[in-house]
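**Q** For reference, the sequence and a predicted model appear below.
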Amino acid sequence: MIEKHACIYCGNTETSESDIIPDALTNARITNKNVCKTEHNNKFSDLFESEVIEALALITNELDIKSHKGENYAAYPAKIEIDGIEYSTKMISEKDLFNGRKVLVSTDKKHKLSSMDKITKIAKDSRKVSEVDINKIPLYKRVEININIYFSEKMFRMISKIAYEWYCSRNGVVGYHDEFENIVKFITLGKGDNPVTIFQNEELYKYCGQQISLGSHCLFALVDNTGKVNVIVSLFGIAMYRVVVSDAIPAFCKNNFMFMELRTDSSRKELTHVSYEEAENYFFELFNPSNFIEGANIAGTHIVIHKEISNIDVVLYPFVFNMMKCFLEIRDEIQEPNEKIVKILKCNIQEVLQASTLHKKSIQRFVKEYFSDGHEPIRLNPNASNKKTTLLFYILFVIGRDNIECIDDKSLQEIAKEALDMGVKSELIVTDELEKKLQNEMLSTEGYGDMLEKGAEVIKKWEE
């Protein structure tokens with residue numbers, strides 16, 4: 001009897017739905033239904049996933065990624081300098097720092113900061129309390145980036161798990177098979193040969209980053225020049241890993257040319273083919289004249305349309321072909337950190353943190369945090385610096401100033417492009433100079449606070 005479901009790690013027929021990429025790391029969930037619940041689903045969280053998720057909290061927070069299992073975005077450790085005094089805290093957003101519920105304790109333990117009511121009660125002596133206006137004083141945030149997590153065994157095991165479960169799900173693999181012995185041993189026990197390496201070719205990262213959306217995860221499956229099945233995992237576009245899933249193509253796995261992009265706005269792109277050659281033949285066959293039919297007649301001019309191309313992302317194929325060629329030819333990979341790869345990772349992280357993904361979810365989150373019922377009037381702090389916050393305030397400012405009454409994804413992007421003179425991509429790079437320019441324009445506009453409130457109300461009415 002052929003089982004409909006059986007664990008791909010042990011063969012147990014009592015299976016559950018496993019998040020291929022931990023759902024705390026993506027807004028676009030993909031699952032594998034052939035993983036047993038206790039031994040090889042829940043346990044992976046304790047073994048390696050939770051530590052990686054915690055280490056990447058700043059990244060997921062900045063990209064507006066939140067686990068569907070919780071209400072809050074990830075909190076990350078930070079040092080905040082306020083009026084020359086440094087405070088250590090874990091924060092979700094800057095608004096979270098001054099909500100009146102949190103008490104900040106300075107690094108030297110000599111100062112505390114909170115609302116006047118709360119801090120006075122703590123001090124028990126009003127003479128020990130001084131008042132500061134957080135809308136006027138300089139505020140600086142410092143966050144330490146844990147580069148070592150990208151080279152840790154726990155990261156390698158998580159990346160292997162992502163690669164293995166994705167490849168199996170796209171090939172309908174049910175139960176454990178010896179063809180995957182090494183990668184299963186590495187994922188479950190941390191033993192066997194490490195199947196993971198990290199690309200350290202700067203041009204490869206640049207090309208991929210130019211073609212995909214900011215913060216996307218990308219998965220590629222291919223057969224390398226030695227006949228091994230590889231899955232490439234690009235994590236947020238920051239680090240790109242090669243995983244050897246099997247030393248040869250399993251007879252029961254027909255799909256060995258695959259691609260998937262998982263975006264922060266929950267959308268995705270996907271290609272699935274048997275092989276590189278089959279994908280290439282399919283793509284070129286799309287342009288065979290026999291696939292075109294006569295369409296409308298426009299002022300005596302006959303036009304032709306493709307029979308099915310409206311459902312196909314034609315531009316995606318050349319990008320995937322090019323990436324696959326790079327993966328076949330470029331073998332500049334390592335497992336231990338060195339100066340070259342650390343520089344690449346830091347550069348990629350900086351790009352993610354300095355840019356913003358502007359979509360419905362990100363701006364709705366912002367409005368919910370800053371414009372809750374009964375909130376204090378918004379007063380911008382010209383001495384504070386947070387590029388993403390400034391950008392989102394400016395979008396609300398434009399909506400309110402221009403009396404825009406309703407909004408959708410397309411018009412949101414158009415507002416950003418016009419207001420910021422940006423290109424066609426959804427990533428919006430805000431430099432120090434541009435941030436100051438946006439701040440000055442808002443602060444110099446009489447009644448800017450009312451315009452922000454008006455813009456926020458429009459976003460609140462945007463249907464979920």
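**A** Everything's here; your move.
**Q** Tell me how far the residue nearest to K361 when sequence neighbours are not counted lies from S234.
**A** Once flanking residues are discounted, K361 sits nearest to D64: 5.5 Å by C-beta to C-beta, 6 or more residues apart in numbering. The way it works is simple: take the backbone N, C-alpha and C, and place the C-beta from them, glycine included. Counting by C-beta to C-beta, to the nearest Å, the separation of D64 from S234 is 19 Å.
**Q** now N297
**A** According to C-beta to C-beta, N297 stands 46 Å off from S234.
**Q** Same check on H375?
**A** Taken as C-beta to C-beta, the span from H375 to S234 is 39 Å.
**Q** who has more neighbours, these two?
**A** S234 (22 against 13; other C-beta atoms under 10 Å).
**Q** Just the element for that one, please.
**A** strand 229-235 (DSSP states H and E).
**Q** Listing partners with orientation, what would you give for that strand?
**A** Take DSSP bridges as the rule and strand 229-235 pairs in its sheet with strand 217-223 (antiparallel), strand 239-246 (antiparallel).
**Q** Ok, which of those strands comes nearest N182?
**A** Of all the strands paired with strand 229-235, strand 239-246 sits nearest to N182, with 7.8 Å by C-beta to C-beta.
**Q** What segments of the stretch 1-150 of the chain are strands?
**A** Secondary structure of the stretch 1-150 of the chain by DSSP state E, counting those that start in this stretch: the strands cover 15-19, 31-36, 76-82, 85-91, 104-106, 112-113, 139-142.
**Q** what angle do the fourth one and strand 76-82 make?
**A** Inter-element angle recorded for strand 85-91 and strand 76-82: 150 degrees (by axes from the mean of the first three to the mean of the last three C-alpha atoms, to 10 degrees).
**Q** Now strand 85-91 - C-alpha only, CSV.
**A** Output in CSV follows, covering the C-alpha atoms of strand 85-91 (Å, rounded to 0.1, in the frame of the first residue of the first chain):
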residue,chain,number,x,y,z
ILE,A,85,22.7,59.1,27.8
GLU,A,86,22.8,55.5,26.5
TYR,A,87,20.0,53.1,27.2
SER,A,88,19.9,49.3,26.4
THR,A,89,16.6,47.8,25.4
LYS,A,90,14.7,45.4,23.2
MET,A,91,12.4,47.2,20.9
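**Q** My read is that E336 contacts S152, right?
**A** No - taking C-beta atoms under 8 Å as the definition, E336 is not a contact partner of S152, at 11.1 Å.
**Q** coming back round to it: next one: the residue nearest to K361 relative to I344, how far apart?
**A** Noted for D64: a distance of 24 Å to I344, by C-beta to C-beta.
**Q** what's the answer for M116, then?
**A** According to C-beta to C-beta, M116 and I344 sit 47 Å apart.
**Q** where exactly do the strands run in the stretch 151-300 of the chain?
**A** Per DSSP E, counting those that start in this stretch, the stretch 151-300 of the chain carries strands over the ranges 196-199, 217-223, 229-235, 239-246, 257-262, 268-273, 292-298.
**Q** Turn the ones you listed into a markdown table, columns for mean pLDDT.
**A** Listed next are those as a markdown table, based on pLDDT from 0 to 100:
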| stretch | mean pLDDT |
| --- | --- |
| strand 196-199 | 98 |
| strand 217-223 | 98 |
| strand 229-235 | 98 |
| strand 239-246 | 98 |
| strand 257-262 | 97 |
| strand 268-273 | 95 |
| strand 292-298 | 76 |
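**Q** so which of those strands gets nearest I8?
**A** With C-beta to C-beta as the measure, strand 239-246 is the member of the strands of the stretch 151-300 of the chain nearest I8 (11.3 Å).
**Q** What residues sit buried inside that closest one?
**A** Neighbour counts using 16 or more other C-beta atoms under 10 Å place 239-246 of strand 239-246 among the buried residues.
**Q** can you put those in TSV and add distance to Y276?
**A** Formatted as TSV, the buried residues of strand 239-246 follow (distance: C-beta to C-beta, whole Å):
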residue	distance to Y276
A239	25
M240	19
Y241	20
R242	16
V243	18
V244	18
V245	16
S246	17
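**Q** picking that back up, reformat the strands of the stretch 151-300 of the chain into CSV and put distance to S444 next to each item.
**A** Below are the strands of the stretch 151-300 of the chain laid out as CSV (distance: least, C-beta to C-beta, whole Å):
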stretch, distance to S444
strand 196-199, 47
strand 217-223, 41
strand 229-235, 42
strand 239-246, 42
strand 257-262, 41
strand 268-273, 42
strand 292-298, 50
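**Q** Distance check, R127 against T120.
**A** Counting by C-beta to C-beta - R127 and T120 are separated by 11 Å.
**Q** More neighbours: these two, which one.
**A** Neighbours per residue (other C-beta under 10 Å) separate R127 from T120, with T120 holding more: 14 against 6.
**Q** E144: which of the strands of the stretch 151-300 of the chain is closest?
**A** Closest to E144 of these, according to C-beta to C-beta: strand 239-246, at 17.6 Å.
**Q** How about residues contacting the closest one?
**A** Residues from elsewhere that reach strand 239-246 (C-beta atoms under 8 Å, 6 or more residues apart in numbering): 150, 156, 159-160, 163-164, 167, 179-180, 182-183, 195-199, 204-205, 208, 221, 228-235, 253, 327, 333, 345, 348.
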